[in-house]
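Need the 3D shape of this:
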Amino acid sequence: MSIQVVRPENRQEFMSKLVGPAYDPKEGTVPKPFSEPTKLGQPEQNRAYQISVKDGTEKDFYIGLEDIDSAVSHYFNNVLKLSVVQNNTKMTIPVIYGTPENWKGVQADGYYRDQNGKLMAPLLMFKRRSVTQNRTLGNKLDGNLVHNLQMFPTKYNNRNFYSNFSVLNSRSPETKYIVAVTPDYITVEYECLIWTYFVEQMDKVIEALNFASRSYWGDPNRFQFYSSIESFQDSITYEIGDNRAVRTSFNLTLNGYLIPDTINKKLANADVYYGVSEIIFGLETATSSEEFTIKASSGDEGTVSSPLTAIPVNTVTTGTDPASNAAIEYLVINKVVTGAYSSPNTIVFASTWVPAPQPLPATSLDNFTFFVNGQYIEKTSITSFTEVGAASVLVVDTDALGFTFDQTDLVIGIGKFN
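Predicted coordinates:
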């Protein structure tokens, strides 16, 4: 049985499939690579980016048509508080939703009556008439694989608990984001009816509604939507044998948005995303050569075993010593150079190496790091890295690497380049 080694994507392939959270000014556009092959009828997912929200306190963001209806009802009852004066008594106008049964009776009789057949006035009844999608605003592009996302940062999460390590190393905390899909923007139209006994009462109601038009309706602690009322249609009944009443109808238009609580929405995007954390290690110095030795249990002194180079204090000091200054300048060199394709196992970098000054060891492969399409190339996969004329040539073992280079691959080297 052979193990399939997946070749890393080149720059063109990666950018064509790039999908990530929405752009954030601090974090930038964070790419979301894929690790699983495409499956028929299913969006591509990388399980490494799927974070459980089982024990989290954040609720899944959801807004539906019921929330928009509640916003209209809340504004009528708690903000407008429509009222009339009847027999020197101020009466609040009740607000009810036009259920199919109530609305049918109103259309047939022209009034809304109670169970005893008495005409109910004053009264305001509203009913949602239509929902139209507004395609002039942004959208999620694809319902099965959402491309437009919105990120809401949280103030604190348990990954940023206090520790001495974070303080000593200037660790910047990582930000936790709640990810929500871009909503579907819609235009919702309501048909509203108002009944009063007198024209003077209706005039006061119309004046209040006209003043509230073209404003944001809803609960400030939940959702608010921009509304507009264009016209009012009056109707007064004077027929013999019928009850006298004044009725006014108007259309209320709200600009709303929807984020459904459905399974396809949950599969379309992640719910939680963590930003990048940074650990800053400062420059550490030694005051004596004894600090570069370690006492063994037997009492013998041994040199420090470390991949980093230990420079004696008496040779590297800031001042006028050219050799010391050259060593310090060499240590801080870390240049990025892009390689050019030469063959399936060879990459050429148009740069030579910076020679190491005394007492540092000579520049070698250990002073360089290589990446192909963002994937690290292990040192065990490199056959040789040498200077050839005015260039540097990287040769890899394709069997150990698991794939061969392509002309569209982006190969970069980081190290002591001129």
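
where's G256, which helix or strand?
strand 245-258 (DSSP states H and E).

and the nearest residue to V354 once chain neighbours are set aside, what is it in contact with?
Leaving out its chain neighbours, the residue that sits closest to V354 by C-beta to C-beta, 6 or more residues apart in numbering is K416, at 4.3 Å. No exception for glycine: its C-beta is placed from N, CA and C like everyone else's. Contacts of K416 were listed using C-beta atoms under 8 Å, 6 or more residues apart in numbering, and they are Y330, I333, N334, K335, W353, V354, A356, T363, N367, F368.

Which of those fall within helices?
Y330 (DSSP state H).

how about CSV for the contacts of K416, with distance to P220 added?
Below are the contacts of K416 laid out as CSV (distance: C-beta to C-beta, whole Å):
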residue, distance to P220
Y330, 62
I333, 57
N334, 52
K335, 55
W353, 64
V354, 62
A356, 66
T363, 65
N367, 60
F368, 58
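
Okay, now the sheet partners of the strand holding G256, with direction.
Here strand 245-258 is paired, per DSSP bridges, with strand 184-196 (antiparallel), strand 224-237 (antiparallel).

Quick one: the strands in the stretch 101-250 of the chain, in order.
123-133, 149-153, 176-181, 184-196, 216-218, 224-237, 245-258 (DSSP state E, counting those that start in this stretch).

What residues of the last one count as buried?
By that I understand strand 245-258. Residues A245, V246, R247, T248, F250, N251, L252, T253, L254, G256, Y257, L258 are the ones in strand 245-258 that count as buried (16 or more other C-beta atoms under 10 Å).

Could you tell me the angle between that strand and strand 123-133?
With axes from the mean of the first three to the mean of the last three C-alpha atoms, to 10 degrees defining the directions, strand 245-258 sits at 30 degrees from strand 123-133.

wait, isn't D184 in contact with L258?
Yes. Using C-beta atoms under 8 Å, D184 is in contact with L258, at 4.7 Å.

Output the lowest mean pLDDT helix or strand found in this protein.
When the helices and strands of the chain are compared on mean pLDDT, DSSP states H and E, strand 301-303 comes out lowest with a mean of 40.

Tell me the spacing between the residue nearest to V354 and R129.
Distance, K416 to R129, by C-beta to C-beta, to the nearest Å: 72 Å.

which residues sit in contact with the nearest residue to N78 once chain neighbours are set aside?
Once flanking residues are discounted, N78 sits nearest to D219: 7.8 Å by C-beta to C-beta, 6+ apart. Taking C-beta under 8 Å, 6+ apart, we find D219 in contact with S70, A71, H74, N78.

Helices along this protein, start to end?
11-16, 65-74, 100-109, 164-168, 199-212, 263-268, 322-331, 398-401.

re earlier: read off the pLDDT value for the residue nearest to V354.
For K416, the model assigns a pLDDT of 91.

and if you look at S52?
For S52, the pLDDT comes out at 61.

what's the answer for F370, then?
93.

just the one 5 residues further on next, same as before
The per-residue pLDDT reported for Q375 equals 86.

what do you get for D55?
pLDDT, D55: 60.

Low-confidence bits of this structure, can you list those?
1-60, 108, 115, 117, 140-150, 156-158, 160-163, 165-172, 236-244, 262-324 (pLDDT under 70).

Backbone dihedrals for the residue nearest to A326 when sequence neighbours are not counted, both of them.
Excluding its sequence neighbours, the residue lying closest to A326 (C-beta to C-beta, 6+ apart) is P357, at 4.1 Å. When read as degrees, to the nearest 10, the backbone of P357 gives phi -80, psi 160.

so P357 sits right up against I328, yeah?
No. Contact criterion C-beta under 8 Å: P357 and I328 do not qualify, at 9.5 Å.

Settle it for me: which of these two has more neighbours?
P357 (16 against 13; other C-beta atoms under 10 Å).

From I259, how far off is that one?
P357 is 62 Å from I259, by C-beta to C-beta.

can you check T175 too?
The gap separating T175 from I259 is 22 Å, by C-beta to C-beta.

And D409, by the same measure?
Noted for D409: a distance of 40 Å to I259, by C-beta to C-beta.

Next: S351.
Distance of S351 to I259, given as C-beta to C-beta: 51 Å.

before we move on, what about G105?
Taken as C-beta to C-beta, the span from G105 to I259 is 35 Å.

out of these two, which sits in the busier spot?
I259 (19 against 15).

Identify the residues contacting the more buried one.
F61, Y62, I63, G64, A180, V181, P183, D184, K265.

can I assume the first one is in contact with T182?
I take that to be F61. No. The criterion here is C-beta under 8 Å, and F61 misses it with T182 at 11.2 Å.

So for these two, which residue has more residues nearby?
Using other C-beta under 10 Å, the more surrounded residue of F61 and T182 is T182, with 19 against 16.

distance of that one from F152?
Applying C-beta to C-beta, the value for T182 to F152 is 13 Å.

now T386
Applying C-beta to C-beta, the value for T386 to F152 is 52 Å.

next one: Q201
46 Å.

same question, T132
Per C-beta to C-beta, T132 is found 28 Å from F152.

Domain parsing of this protein, as residue ranges.
Each domain of the chain is listed here as a residue range: 65-135+183-258, 332-415, per automatic domain parsing.

List the residues that contact the nearest residue to Q233 once chain neighbours are set aside.
For Q233, ignoring the flanking residues on the chain, the nearest one in space by C-beta to C-beta, 6+ apart is S249 at 4.9 Å. Counting by C-beta under 8 Å, 6+ apart, S249 makes contact with E191, C192, L193, I194, F232, Q233, S235.
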